[in-house]
Each structure stands twice: as C-alpha cells, then as structure tokens.
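Engineer: Pasting the sequence and the predicted coordinates here, then a few questions.
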Amino acid sequence: MGKFVVLDHPLIQHKLTIIRRKDTGSNEFRRIVGEIGGLMTYEITRDLPLEDVEIETPMGKTVQKGIAGKKLTIVPILRAGMGMLNGVLEMVPSAKIAVIGMYRDEKTLKPHEYFFKAPKDIAERECLVVDPMLATGGSANDAIAALKKRGVKEIKLAVLVAAPEGIKAVQKANPDVDIYAAAEDEKLMSNGYIFPGLGDAGDRLFGTK
Ligand SMILES: O=P(O)(O)OC[C@H]1O[C@H](OP(=O)(O)OP(=O)(O)O)[C@H](O)[C@@H]1O
Ligand SMILES: O=c1cc[nH]c(=O)[nH]1
Ligand SMILES: [Mg+2]
C-alpha cells in the first residue's frame, strides 16, 4: 500500500490554520494555498535522486550534484488544483504541467472529467497530482486513472486536507501512489464536504460564491 504522510512542518500547519478560518478572504486564501503548495513540494521532493555533474566555477572545474532521473510533471486538477500550482513551480521551475479538468456532481458526488492536456512524453515522466481537497477520493482516483491510461508509472498525490474516506479510497484503487497532505481531518460530512476542512476550495480561490 502507498504511504500516507502528513507534512507537519510548523509553517505548513500555521498557514493551513489561516486558510481554514471562514473570515480569510480570497486574496489571502489564494496566496497561502500557493505557499503551502511550495512548502509541501520542498518536503515531497526530499528523496529525488542526485547525480554527479561536472561544472566549472570561476575558480575551475569541479564535480557537484544535480537532480537525476525522470523529470517531474505537475498535474493540477482544475479548478482548485490551480491554486497550488505557482507555489509548486517556485520549487521546481523546470517542471512541465499536465492539466486535468474535473468537477464533482453536487448530488452524486461523482467526478466528471472535462479536460485533459499533457506533455507528449508524459509516459516517461514522474507526475505529482495536486488538489487542495481529498474528500471521497473520486476526483483523485479518476485523475490518477487518466494518467495511468496514458502510460504514467510513477505518481504522487499532494493535497492540503484529506478525509479518512478519501485516503482509503485512493490507497485501495491505487496502492502504488503515495499521498502527502498538510492534514488528515476528522470526517467526510453527508454533503461530501470535509469536516472541519476549509469549505469549498475552488469557490474560495476563485471568489465564485
Ligand atoms: O475527493 P472528491 O470527493 O472527488 O472531492 C474533491 C474534489 O472536489 C473539489 O473540486 P470541485 O469538484 O468542487 O471542482 P472545482 O475545483 O472546480 O471547484 C476539489 O478541488 C477536488 O477536486
Ligand atoms: O470539503 C471539501 C470537499 C470537496 N471539495 C472542496 O472544495 N471542499
Ligand atoms: Mg475539483
């Protein structure tokens, strides 16, 4: 089974508390979701393999370290995943981006895919799927399936808030995928929202409520 890791760095926890507050406006919410995305990426990429690289400093030749192996692709799930994207890219500016559009039916809570666009060599890339909310797990599982269908073999998932139900659903359907979260919350409510959560991430990011 894939790992489930809560990234408990004090900066991540402090910032998460700010965006949970109902009085935090879209401007601050948007900025902090990006910042947490960056801090999480710093932790998630801890195990990236390094290789020796020969370079020349102003003083002469030397062998130093550079990131080796597969190149990273960031996969935001629209819309709310876009909120994390810029912060993630600040940590890995050379990453490519694949976008998956997904909305959850309010009644059935089932996800519907409406957009997919990825780099041509996606099958050779390691993917980091980002979305602030892991609720039932349906959207994350469908996004992961869309990537696997195109041949992607290494996938990680980064979310801000995860419900226990969503974690279980992803671990069951995709035991090869590690999940990273800023928090595991208490429960999924009957209306499909996470408690205590932070409300509707997409609406708060885009000011659509
Ligand atoms: O785990 P699940 O039960 O699938 O729920 C999580 C999904 O719901 C939210 O998106 P939403 O459908 O509200 O779309 P939006 O990002 O456009 O607001 C969220 O950003 C996730 O994608
Ligand atoms: O709590 C939740 C659950 C799904 N999507 C959200 O934006 N928030
Ligand atoms: Mg969504």
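Structural biologist: Ah, there it is. Ligands and ions are numbered 1, 2, ... in the order given.

Engineer: Who are the packing partners of whichever helix or strand Ile74 is part of?
Structural biologist: If you go by DSSP states H and E, Ile74 is part of strand 72-78. Secondary-structure packing of strand 72-78 (3 or more C-beta pairs under 8 Å, 6 or more residues apart in numbering; DSSP states H and E): helix 82-91, strand 96-97, strand 99-104, strand 126-130, helix 138-149. Any C-beta I mention is one placed from the backbone N, CA and C, and that applies to glycine too.

Engineer: and that strand, what's its mean pLDDT?
Structural biologist: Averaging pLDDT along strand 72-78 yields 97.

Engineer: now stretch 42-50
Structural biologist: For stretch 42-50, mean pLDDT rounds to 94.

Engineer: okay, it in PDB with CA atoms only?
Structural biologist: Once non-C-alpha atoms are left out, stretch 42-50 reads as follows in PDB (Å, rounded to 0.1, in the frame of the first residue of the first chain):
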ATOM      1  CA  TYR A  42      10.100  21.000  -0.700                       C
ATOM      2  CA  GLU A  43       9.300  18.100   1.600                       C
ATOM      3  CA  ILE A  44       7.900  15.700  -1.100                       C
ATOM      4  CA  THR A  45      11.000  16.100  -3.300                       C
ATOM      5  CA  ARG A  46      13.300  15.200  -0.400                       C
ATOM      6  CA  ASP A  47      14.000  11.800  -2.000                       C
ATOM      7  CA  LEU A  48      14.700  12.900  -5.600                       C
ATOM      8  CA  PRO A  49      17.800  11.100  -6.800                       C
ATOM      9  CA  LEU A  50      21.000  13.100  -7.300                       C
END
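
Engineer: what about the helices in this protein?
Structural biologist: Assigned by DSSP state H, the chain shows helices spanning 10-20, 26-44, 82-91, 138-149, 164-173, 201-206.

Engineer: re earlier: please convert the helices and strands packed on strand 72-78 to TSV, extending it with distance to ligand 2 and mean neighbour count.
Structural biologist: What follows is those, written out as TSV (distance: least, C-beta to the nearest ligand atom, whole Å; neighbours: other C-beta atoms under 10 Å):
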stretch	distance to ligand 2	mean neighbour count
helix 82-91	10	21
strand 96-97	21	16
strand 99-104	7	18
strand 126-130	14	24
helix 138-149	8	20
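
Engineer: hmm, back to that, dump the helices of the chain into CSV; add distance to Asp105 as well.
Structural biologist: Formatted as CSV, these follow (distance: least, C-beta to C-beta, whole Å):
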stretch, distance to Asp105
helix 10-20, 25
helix 26-44, 24
helix 82-91, 20
helix 138-149, 10
helix 164-173, 16
helix 201-206, 14
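
Engineer: closest to ligand 1 out of the ones you listed?
Structural biologist: Set against ligand 1 and scored by C-beta to the nearest ligand atom, these come closest in helix 201-206, at 2.1 Å.

Engineer: How about residues contacting the closest one?
Structural biologist: The contact list for helix 201-206 (C-beta atoms under 8 Å, 6 or more residues apart in numbering) reads 19, 24, 26, 29-30, 33, 79-80, 82-83, 132-133, 160, 198, 208-209.

Engineer: Most neighbours among those residues, which one?
Structural biologist: Leu160 (30 neighbours; other C-beta atoms under 10 Å).

Engineer: In this structure that residue contacts Ala182, no?
Structural biologist: Yes. Look at Leu160 against Ala182 with C-beta atoms under 8 Å: they come within range, at 4.7 Å.
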